[in-house]
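K.L.:
model this:
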Amino acid sequence: MKKNMTELCEDCYSSVCEKHFIIPKLKEAPACCSARYGLATLSFFGFFMVYALRVNLSVALVEMVKTKVSSNSSSSVCPHSDSPGVQHNTTGVTFPAMHTMWSAWAPPMERSKLLSISYAGAQLGTVVALPASGLICFYMDWTYVFYIFGAVGVGWFILWAFLVSDTPETHRNISIQEKEYIVSSLKDQLNSSNKNIPWGSMLKSFPVWAIVVAHFSYNWTFYTLLTLLPTFMDTVLGFNIQQNGFLSALPYLGCWMVMLLGGQIADYMRETWLYSTVAVRKLCTAIGMVGPAVFLVAAGYTGCNYSLAIAFLTISSALGGFSMSGFNINHLDIAPSYAGILLGITNSAATIPGMVGPVIAKTLTRSNTIEEWQTVFYISAAIDVFGTVIFTIFGKGVVQDWAVPGFHSHGN
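P.N.:
Next comes the predicted model:
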């Protein structure tokens, strides 16, 4: 559904507001060599490292277990077994922190583009880490998986520390034109101070809970595949560790490509076709969650056609890339001043599937038969569809009253 004339000013600054005042369209700053796209690029590689450091464990674990079984003593494995858990705990803050930064850096009409570039690094990190970890395990030793990726992560941090600023106002090399463009586009959306956070209104907000449910539902499938796809490849499809790494990466390669494309399409629909933000967010969420559900179930009925199974799993994961321009960005639409806090809330709920989903999946696939995996895929698909329905009903695309600058919720 397209926007009405009273809604245009909230997103594109090019028509009339509710009081019929003309709002001039802001003069955009060039994207090439800009500070905001530089931030997107660096954060892209940051999330690349976050997910590379996560998923290399799923490949290295196979070799770790083999080493333990073949050794008379478990001492060579146990000293390393606790470090991945610590690693996952420390990387959990990255997404809320980045959302907070984008609340100050991303002009409303460029949110889909900038955030899709930024967070797509997570998918590419998965694509690279899975096969690379397999090769490192084969030609070197599983311990080098963590040493090599850890060293690259330190190199990225040095660049981040010297080149990135919290806000456009504090950036040393940003142009005056770009600074004015970003600040002007966000002047009526951000609170100058977050001392009085409207917790009560926030936690009672249906749009907030719509994002929580959607994020939870999407992550159920994501984490199930992230942790168990190598096992599925190995035990059901019969590929070894080297083939496993490359083929396991294909679904995430598709997701990476679609995520980047989806961000461009979403902002094009809003700016050029004048579709409302909420319509675009709901459409992208539906494509990014129902589409994967359909192809995930289909993958369970491919029989011995391994190529078709890989194709369906790849399409399923690829379509999930559209969700980045859906519920994933919606925090910034409904409450830009509290986007980091909101993502902390939704991301906390969305980590539950990472703990529960794989456990349930492993419990259901004790014999690793195709029928058992079909059950796992059906459960994931049903949860995806449920999350889509909730977000479609309760999702919003405009700044909520409690998130408007100057709002004070009594009793919070």
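K.L.:
just for the stretch 201-350 of the chain, where's the confidence low?
P.N.:
239-245 (pLDDT under 70).
K.L.:
could you pull out the helices for it?
P.N.:
Residue ranges of the helices in the stretch 201-350 of the chain, as given by DSSP state H, counting those that start in this stretch, are 206-235, 241-271, 277-299, 306-319, 330-334, 339-350.
K.L.:
Reformat these into CSV and put mean neighbour count and distance to Gly155 next to each item.
P.N.:
The way it works is simple: take the backbone N, C-alpha and C, and place the C-beta from them, glycine included. Below are the helices of the stretch 201-350 of the chain laid out as CSV (neighbours: other Cβ atoms under 10 Å; distance: least, Cβ to Cβ, whole Å):
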stretch, mean neighbour count, distance to Gly155
helix 206-235, 23, 25
helix 241-271, 22, 22
helix 277-299, 23, 32
helix 306-319, 21, 29
helix 330-334, 27, 30
helix 339-350, 21, 26
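K.L.:
Which among those is found nearest to Gln400?
P.N.:
helix 330-334 (5.0 Å; Cβ to Cβ).
K.L.:
if we can go back for a sec, now render the helices of the stretch 201-350 of the chain as JSON lines, adding distance to Thr365.
P.N.:
Putting the helices of the stretch 201-350 of the chain into JSON lines (distance: least, Cβ to Cβ, whole Å) gives the following:
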{"stretch": "helix 206-235", "distance to Thr365": "8"}
{"stretch": "helix 241-271", "distance to Thr365": "16"}
{"stretch": "helix 277-299", "distance to Thr365": "14"}
{"stretch": "helix 306-319", "distance to Thr365": "15"}
{"stretch": "helix 330-334", "distance to Thr365": "33"}
{"stretch": "helix 339-350", "distance to Thr365": "23"}
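K.L.:
between those, which one is nearest to Ile158?
P.N.:
Per Cβ to Cβ, nearest to Ile158 of the helices of the stretch 201-350 of the chain: helix 339-350, 23.9 Å.
K.L.:
I'd like to check what contacts stretch 40-49. Which residues are they?
P.N.:
For stretch 40-49, contacts defined as Cβ atoms under 8 Å, 6 or more residues apart in numbering pick out 94, 98, 101, 114, 117-122, 124-125, 128, 149, 152-153, 156, 159-160, 163-164.
K.L.:
can we see that at 6 Å?
P.N.:
Residues from elsewhere that reach stretch 40-49, judged by Cβ atoms under 6 Å, 6 or more residues apart in numbering: Met98, Leu114, Ile117, Ser118, Tyr119, Gly121, Ala122, Leu124, Gly125, Gly153, Trp156, Trp160.
K.L.:
Where does the third one sit: helix, strand or coil?
P.N.:
In other words, Ile117. helix (DSSP: H, G, I helix; E, B strand; the rest coil).
K.L.:
could you list every residue that touches it?
P.N.:
Residues counted as contacts of Ile117 (Cβ under 6 Å, 6+ apart) are Ala40, Phe44.
K.L.:
While we're on it, how confident is the model there?
P.N.:
Looking at Ile117, its pLDDT reads 96.
K.L.:
hmm, which of the contacts of stretch 40-49 are the buried ones?
P.N.:
Met98, Leu114, Ile117, Ser118, Tyr119, Gly121, Ala122, Leu124, Gly125, Gly153 (16 or more other Cβ atoms under 10 Å).
K.L.:
Now render those as CSV, adding distance to Gly397.
P.N.:
Shown next, in CSV, are the buried ones among the contacts of stretch 40-49 (distance: Cβ to Cβ, whole Å):
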residue, distance to Gly397
Met98, 21
Leu114, 17
Ile117, 21
Ser118, 20
Tyr119, 19
Gly121, 26
Ala122, 24
Leu124, 28
Gly125, 30
Gly153, 36
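K.L.:
Noted, bye for now.
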